[in-house]
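Undergrad: just need the structure, nothing else, for what follows:
(one chain, ligands or ions: 1)
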Amino acid sequence: MSATPAIYKFFADYIYTKTGITYLEKDYYRLDSRFKDLMEYFELDNVDALYDMYKSNITPDMHAVLINFSTNNETYFFRDKRPFKVLVKEILPKLMDQYTMGLINIWSAASSTGQEALSIAMSISDKCDDKTLSRVLIDATDISKEALKKAESGIYNGLDVQRGMPITTLMKHFEQLENEDWKVSKDLKSKVRFSEFNLLTDIYRKNYYHVIFCRNVLIYQDKQNKENILNEIYTSLKPGGYMFLGNGESLIGLETNFERETYDGLTIYRKPIE
Ligand SMILES: C[S@@+](CC[C@H](N)C(=O)[O-])C[C@H]1O[C@@H](n2cnc3c(N)ncnc32)[C@H](O)[C@@H]1O
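TA: Numbers count the residues shown, from 1 in each chain. Below is the predicted model of the structure:
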(Lines give C-alpha, C1' and ligand atoms only; values in the text may rest on other atoms or scores of the structure.)
Protein backbone atom coordinates (compact mmCIF):
# COMPACT_ATOMS: atom_id res chain seq x y z
CA MET A 1 0.00 0.00 0.00
CA SER A 2 1.51 3.33 -0.93
CA ALA A 3 -0.78 6.20 -0.06
CA THR A 4 0.71 9.66 -0.25
CA PRO A 5 0.45 12.05 2.72
CA ALA A 6 -2.20 13.97 0.74
CA ILE A 7 -4.35 10.83 0.40
CA TYR A 8 -4.07 9.97 4.09
CA LYS A 9 -4.95 13.55 5.00
CA PHE A 10 -7.93 13.66 2.65
CA PHE A 11 -9.52 10.54 4.18
CA ALA A 12 -8.51 11.39 7.77
CA ASP A 13 -10.07 14.87 7.40
CA TYR A 14 -13.27 13.49 5.88
CA ILE A 15 -13.68 10.87 8.62
CA TYR A 16 -12.96 13.45 11.32
CA THR A 17 -15.47 15.94 9.94
CA LYS A 18 -18.24 13.36 9.59
CA THR A 19 -17.70 11.22 12.69
CA GLY A 20 -15.24 12.98 14.99
CA ILE A 21 -13.03 9.87 14.83
CA THR A 22 -9.48 11.19 14.88
CA TYR A 23 -6.56 9.73 12.93
CA LEU A 24 -3.43 11.67 13.92
CA GLU A 25 -0.56 11.77 11.44
CA LYS A 26 1.34 9.19 13.46
CA ASP A 27 -1.66 6.86 13.15
CA TYR A 28 -2.21 7.31 9.41
CA TYR A 29 -0.88 3.78 8.80
CA ARG A 30 -4.08 2.52 10.49
CA LEU A 31 -5.99 3.78 7.47
CA ASP A 32 -4.19 1.25 5.24
CA SER A 33 -6.49 -1.61 6.20
CA ARG A 34 -9.53 0.70 5.65
CA PHE A 35 -8.19 1.50 2.16
CA LYS A 36 -7.78 -2.22 1.49
CA ASP A 37 -11.40 -2.91 2.49
CA LEU A 38 -12.65 -0.01 0.37
CA MET A 39 -10.62 -1.07 -2.67
CA GLU A 40 -12.00 -4.59 -2.37
CA TYR A 41 -15.54 -3.29 -2.00
CA PHE A 42 -15.33 -0.99 -5.03
CA GLU A 43 -13.15 -3.48 -6.98
CA LEU A 44 -10.29 -1.04 -7.44
CA ASP A 45 -6.69 -2.16 -7.56
CA ASN A 46 -4.86 0.85 -6.24
CA VAL A 47 -5.29 3.54 -3.66
CA ASP A 48 -4.87 6.36 -6.22
CA ALA A 49 -8.01 5.15 -8.00
CA LEU A 50 -9.83 5.14 -4.67
CA TYR A 51 -8.66 8.67 -3.95
CA ASP A 52 -9.71 9.89 -7.42
CA MET A 53 -13.13 8.35 -6.96
CA TYR A 54 -13.72 9.96 -3.54
CA LYS A 55 -12.18 13.28 -4.53
CA SER A 56 -14.49 13.75 -7.49
CA ASN A 57 -17.81 13.05 -5.73
CA ILE A 58 -18.89 11.27 -2.53
CA THR A 59 -22.29 9.65 -3.03
CA PRO A 60 -24.39 8.61 -0.01
CA ASP A 61 -23.40 4.98 -0.67
CA MET A 62 -19.67 5.86 -0.79
CA HIS A 63 -20.10 7.84 2.43
CA ALA A 64 -21.85 4.95 4.22
CA VAL A 65 -19.23 2.42 3.13
CA LEU A 66 -16.38 4.65 4.26
CA ILE A 67 -18.04 5.21 7.64
CA ASN A 68 -18.72 1.48 8.06
CA PHE A 69 -15.08 0.65 7.41
CA SER A 70 -13.77 3.51 9.57
CA THR A 71 -15.57 2.61 12.77
CA ASN A 72 -14.48 0.03 15.27
CA ASN A 73 -17.60 -1.99 16.04
CA GLU A 74 -16.06 -4.24 18.71
CA THR A 75 -18.69 -5.19 21.26
CA TYR A 76 -20.05 -8.24 23.05
CA PHE A 77 -22.91 -9.32 25.28
CA PHE A 78 -22.73 -8.15 28.92
CA ARG A 79 -19.44 -6.30 28.25
CA ASP A 80 -17.81 -5.51 31.64
CA LYS A 81 -20.84 -7.07 33.42
CA ARG A 82 -20.99 -4.50 36.26
CA PRO A 83 -22.91 -1.74 34.43
CA PHE A 84 -25.79 -4.14 33.78
CA LYS A 85 -25.83 -5.32 37.41
CA VAL A 86 -25.71 -1.78 38.78
CA LEU A 87 -28.45 -0.70 36.37
CA VAL A 88 -30.94 -3.33 37.49
CA LYS A 89 -29.98 -3.47 41.18
CA GLU A 90 -29.42 0.18 42.04
CA ILE A 91 -30.47 2.56 39.32
CA LEU A 92 -33.78 1.31 37.97
CA PRO A 93 -35.39 0.94 41.43
CA LYS A 94 -34.38 4.54 42.15
CA LEU A 95 -35.76 5.80 38.86
CA MET A 96 -39.00 3.81 39.28
CA ASP A 97 -39.47 5.60 42.63
CA GLN A 98 -38.67 9.01 41.21
CA TYR A 99 -40.66 8.60 38.00
CA THR A 100 -43.78 6.71 39.01
CA MET A 101 -45.62 6.97 35.70
CA GLY A 102 -44.86 6.62 32.02
CA LEU A 103 -41.93 5.06 30.21
CA ILE A 104 -38.41 4.71 31.53
CA ASN A 105 -36.36 5.56 28.46
CA ILE A 106 -32.91 4.05 28.10
CA TRP A 107 -30.46 4.87 25.30
CA SER A 108 -27.59 2.73 24.12
CA ALA A 109 -25.91 5.61 22.32
CA ALA A 110 -23.26 3.80 20.27
CA SER A 111 -24.81 0.38 20.22
CA SER A 112 -22.80 -1.11 17.36
CA THR A 113 -24.33 -4.47 16.45
CA GLY A 114 -26.84 -4.40 19.30
CA GLN A 115 -25.29 -6.54 22.03
CA GLU A 116 -25.26 -3.69 24.58
CA ALA A 117 -28.95 -2.84 24.13
CA LEU A 118 -29.96 -6.51 24.21
CA SER A 119 -27.86 -7.07 27.34
CA ILE A 120 -29.76 -4.22 29.01
CA ALA A 121 -33.07 -5.78 27.94
CA MET A 122 -32.05 -9.26 29.12
CA SER A 123 -30.80 -7.94 32.48
CA ILE A 124 -34.09 -6.16 33.09
CA SER A 125 -36.15 -9.11 31.90
CA ASP A 126 -34.23 -11.53 34.15
CA LYS A 127 -33.70 -9.42 37.27
CA CYS A 128 -36.54 -6.88 37.50
CA ASP A 129 -40.25 -7.29 38.16
CA ASP A 130 -42.79 -7.28 35.34
CA LYS A 131 -43.87 -3.73 36.12
CA THR A 132 -40.35 -2.40 35.58
CA LEU A 133 -39.93 -4.44 32.41
CA SER A 134 -43.22 -3.20 31.01
CA ARG A 135 -42.21 0.43 31.55
CA VAL A 136 -38.78 0.23 29.93
CA LEU A 137 -38.07 1.09 26.29
CA ILE A 138 -34.55 1.06 24.87
CA ASP A 139 -33.32 3.17 21.97
CA ALA A 140 -30.19 1.78 20.35
CA THR A 141 -28.35 3.95 17.86
CA ASP A 142 -25.13 3.94 15.91
CA ILE A 143 -23.50 5.83 13.07
CA SER A 144 -22.67 2.63 11.13
CA LYS A 145 -25.45 1.41 8.83
CA GLU A 146 -23.75 -1.98 8.53
CA ALA A 147 -23.64 -2.46 12.31
CA LEU A 148 -27.30 -1.43 12.56
CA LYS A 149 -28.27 -3.88 9.84
CA LYS A 150 -26.92 -6.75 11.92
CA ALA A 151 -28.49 -5.35 15.11
CA GLU A 152 -31.84 -5.07 13.36
CA SER A 153 -31.65 -8.67 12.13
CA GLY A 154 -31.32 -9.91 15.72
CA ILE A 155 -29.16 -12.76 14.42
CA TYR A 156 -25.79 -13.60 15.95
CA ASN A 157 -23.32 -16.38 15.20
CA GLY A 158 -21.97 -18.94 17.65
CA LEU A 159 -18.90 -16.85 18.38
CA ASP A 160 -20.97 -13.74 19.16
CA VAL A 161 -23.19 -15.54 21.66
CA GLN A 162 -20.31 -17.36 23.33
CA ARG A 163 -18.64 -14.05 24.18
CA GLY A 164 -20.03 -12.99 27.53
CA MET A 165 -23.43 -14.65 27.56
CA PRO A 166 -24.26 -17.38 30.12
CA ILE A 167 -25.78 -20.43 28.45
CA THR A 168 -29.00 -20.19 30.49
CA THR A 169 -29.49 -16.61 29.28
CA LEU A 170 -28.86 -17.70 25.70
CA MET A 171 -31.38 -20.53 25.93
CA LYS A 172 -33.97 -18.24 27.47
CA HIS A 173 -33.79 -15.35 25.02
CA PHE A 174 -32.56 -16.85 21.74
CA GLU A 175 -33.55 -19.65 19.42
CA GLN A 176 -31.09 -21.54 17.29
CA LEU A 177 -31.61 -21.42 13.53
CA GLU A 178 -30.98 -24.26 11.09
CA ASN A 179 -27.61 -22.80 10.10
CA GLU A 180 -26.64 -22.76 13.80
CA ASP A 181 -26.87 -18.98 14.15
CA TRP A 182 -28.98 -17.63 17.02
CA LYS A 183 -31.98 -15.34 16.74
CA VAL A 184 -33.15 -13.12 19.56
CA SER A 185 -36.73 -13.67 20.78
CA LYS A 186 -39.52 -11.37 19.58
CA ASP A 187 -40.32 -10.35 23.17
CA LEU A 188 -36.81 -9.13 23.85
CA LYS A 189 -36.47 -7.47 20.46
CA SER A 190 -39.70 -5.58 21.07
CA LYS A 191 -38.00 -3.74 23.94
CA VAL A 192 -35.37 -2.22 21.62
CA ARG A 193 -35.72 0.29 18.76
CA PHE A 194 -32.69 0.60 16.48
CA SER A 195 -31.93 3.70 14.44
CA GLU A 196 -29.09 5.70 12.96
CA PHE A 197 -27.67 8.56 15.03
CA ASN A 198 -24.43 10.51 14.72
CA LEU A 199 -23.43 11.69 18.19
CA LEU A 200 -21.51 14.58 16.70
CA THR A 201 -23.99 16.06 14.27
CA ASP A 202 -27.52 14.79 14.93
CA ILE A 203 -30.12 16.55 17.06
CA TYR A 204 -30.50 15.12 20.55
CA ARG A 205 -33.87 14.63 22.27
CA LYS A 206 -34.01 17.05 25.17
CA ASN A 207 -34.88 16.01 28.72
CA TYR A 208 -35.99 12.58 27.54
CA TYR A 209 -33.77 9.72 28.72
CA HIS A 210 -33.58 8.28 32.22
CA VAL A 211 -30.42 6.32 31.47
CA ILE A 212 -27.81 6.67 28.73
CA PHE A 213 -25.09 4.14 27.99
CA CYS A 214 -22.31 5.90 26.08
CA ARG A 215 -19.56 3.33 26.27
CA ASN A 216 -16.37 2.87 24.31
CA VAL A 217 -17.09 5.56 21.76
CA LEU A 218 -15.74 8.77 23.30
CA ILE A 219 -12.23 7.31 23.26
CA TYR A 220 -12.07 8.00 19.53
CA GLN A 221 -12.98 11.69 19.93
CA ASP A 222 -10.78 14.70 20.72
CA LYS A 223 -11.35 16.75 23.89
CA GLN A 224 -13.62 19.36 22.32
CA ASN A 225 -15.87 16.76 20.66
CA LYS A 226 -15.98 14.73 23.88
CA GLU A 227 -17.19 17.79 25.80
CA ASN A 228 -19.75 18.66 23.12
CA ILE A 229 -21.16 15.14 23.10
CA LEU A 230 -21.21 14.94 26.92
CA ASN A 231 -23.04 18.25 27.16
CA GLU A 232 -25.62 17.07 24.64
CA ILE A 233 -26.05 13.86 26.62
CA TYR A 234 -26.52 15.96 29.74
CA THR A 235 -29.36 17.94 28.15
CA SER A 236 -30.84 14.72 26.82
CA LEU A 237 -31.09 13.23 30.32
CA LYS A 238 -34.00 13.82 32.63
CA PRO A 239 -33.18 15.33 36.06
CA GLY A 240 -31.84 12.50 38.22
CA GLY A 241 -30.95 10.48 35.10
CA TYR A 242 -27.72 8.52 34.77
CA MET A 243 -24.95 8.08 32.21
CA PHE A 244 -22.71 5.01 32.04
CA LEU A 245 -19.28 5.22 30.40
CA GLY A 246 -17.01 2.37 29.30
CA ASN A 247 -14.54 0.61 31.52
CA GLY A 248 -11.53 2.88 31.95
CA GLU A 249 -13.35 5.94 30.57
CA SER A 250 -13.92 8.91 32.85
CA LEU A 251 -14.75 12.61 32.87
CA ILE A 252 -11.38 13.58 34.31
CA GLY A 253 -10.10 16.74 32.63
CA LEU A 254 -13.42 17.41 30.89
CA GLU A 255 -15.81 20.31 31.57
CA THR A 256 -19.24 18.88 32.37
CA ASN A 257 -22.01 19.35 34.92
CA PHE A 258 -22.41 15.70 35.89
CA GLU A 259 -22.25 14.50 39.48
CA ARG A 260 -20.35 11.28 40.20
CA GLU A 261 -21.81 8.35 42.11
CA THR A 262 -20.16 5.01 42.81
CA TYR A 263 -21.93 1.65 43.09
CA ASP A 264 -20.14 -1.64 43.61
CA GLY A 265 -16.88 0.12 42.68
CA LEU A 266 -18.33 1.44 39.40
CA THR A 267 -18.46 5.20 38.88
CA ILE A 268 -21.48 6.46 36.97
CA TYR A 269 -22.61 10.00 36.24
CA ARG A 270 -25.82 11.70 37.24
CA LYS A 271 -27.63 14.80 36.14
CA PRO A 272 -28.63 16.46 39.43
CA ILE A 273 -32.34 16.50 40.32
CA GLU A 274 -32.04 20.34 40.60
C1 LIG B 1 -16.35 0.05 20.09
S2 LIG B 1 -18.05 0.23 19.65
C3 LIG B 1 -18.80 0.26 21.25
C4 LIG B 1 -20.10 -0.53 21.28
C5 LIG B 1 -20.77 -0.63 22.65
N6 LIG B 1 -21.15 0.67 23.15
C7 LIG B 1 -19.87 -1.31 23.63
O8 LIG B 1 -19.33 -0.66 24.54
O9 LIG B 1 -19.67 -2.54 23.53
C10 LIG B 1 -18.09 1.94 19.16
C11 LIG B 1 -19.26 2.27 18.28
O12 LIG B 1 -19.35 3.69 18.18
C13 LIG B 1 -19.85 4.00 16.90
N14 LIG B 1 -19.51 5.41 16.60
C15 LIG B 1 -18.30 5.95 16.31
N16 LIG B 1 -18.41 7.28 16.10
C17 LIG B 1 -19.73 7.59 16.26
C18 LIG B 1 -20.47 8.79 16.17
N19 LIG B 1 -19.90 9.96 15.86
N20 LIG B 1 -21.81 8.72 16.41
C21 LIG B 1 -22.42 7.54 16.72
N22 LIG B 1 -21.76 6.37 16.82
C23 LIG B 1 -20.43 6.39 16.59
C24 LIG B 1 -19.18 3.00 15.98
O25 LIG B 1 -19.87 2.82 14.77
C26 LIG B 1 -19.15 1.75 16.86
O27 LIG B 1 -20.22 0.90 16.57
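
Undergrad: interface residues of the stretch 1-150 of the chain facing the ligand?
TA: Counting by Cβ under 6 Å from any ligand atom, the stretch 1-150 of the chain comes close to the ligand at 19-21, 71-75, 79, 110-112, 116, 142-144, 147. Where you see a C-beta, it was placed from the backbone N, CA and C, and this is true even at glycine.

Undergrad: among those residues, which lie within helices?
TA: Among these, the ones falling in helices (DSSP state H) are 19, 116, 147.

Undergrad: just among those residues, which is most surrounded?
TA: E116 (29 neighbours; other Cβ atoms under 10 Å).

Undergrad: residue ranges in the protein under the pLDDT threshold?
TA: Across the chain, the ranges flagged by pLDDT under 70 are 1.

Undergrad: quick one: the residue most central in space within the chain and K183, what's the gap?
TA: Nearest to the mean C-alpha position of the chain, counting by Cα atoms, centre = their mean, stands A110 at 1.6 Å. Separation of A110 from K183 (Cβ to Cβ, to the nearest Å): 24 Å.

Undergrad: now the strands for the protein?
TA: Assigned by DSSP state E, the chain shows strands spanning 104-108, 136-142, 155-156, 174-176, 182-184, 192-196, 209-214, 237-245, 259-263, 266-270.

Undergrad: the residue nearest to the centre of the chain - nearest residue in space that isn't next to it in sequence?
TA: Nearest residue to A110, sequence neighbours excluded (Cβ to Cβ, 6 or more residues apart in numbering): V217, at 3.6 Å.

Undergrad: what's the local residue count around that neighbour?
TA: When neighbours are counted by other Cβ under 10 Å, V217 registers 25.

Undergrad: and it, what does it touch?
TA: 109-110, 199, 246 (Cβ atoms under 8 Å, 6 or more residues apart in numbering).

Undergrad: let me know the closest of the residues you listed to M96.
TA: The nearest member of the contacts of V217 to M96, counting by Cβ to Cβ, is A109 at 21.8 Å.

Undergrad: what are the structural domain limits within the protein?
TA: For the chain, automatic domain parsing gives the domain ranges 5-70, 82-270.

Undergrad: and the first one, how far apart are its ends?
TA: Terminal residues of domain 5-70 are spaced 18 Å apart (Cα to Cα, to the nearest Å).

Undergrad: residues touching stretch 69-83, excluding its own?
TA: Contacting residues not belonging to stretch 69-83 are listed as 15, 19, 21, 34, 37-38, 41, 84, 111-113, 115-116, 118-119, 122-123, 142-144, 146-147, 160-161, 163-165, 213, 215-216, 220, 244, 246-247, 264-266, 268 [Cβ under 8 Å, 6+ apart].

Undergrad: what residues sit buried inside that stretch?
TA: Residues of stretch 69-83 classed as buried by neighbour count (16 or more other Cβ atoms under 10 Å): 69-71, 75-80, 82-83.

Undergrad: what's the most distant pair in these?
TA: Using Cβ to Cβ, the pair of the buried residues of stretch 69-83 lying farthest apart is F69 and R82, separated by 31.6 Å.

Undergrad: which residues touch the residue lying closest to E232 once chain neighbours are set aside?
TA: Take E232 and drop its neighbours on the chain: the residue closest to it by Cβ to Cβ, 6+ apart is Y204, 4.5 Å away. By Cβ under 8 Å, 6+ apart, the residues touching Y204 are 232-233, 235-236.
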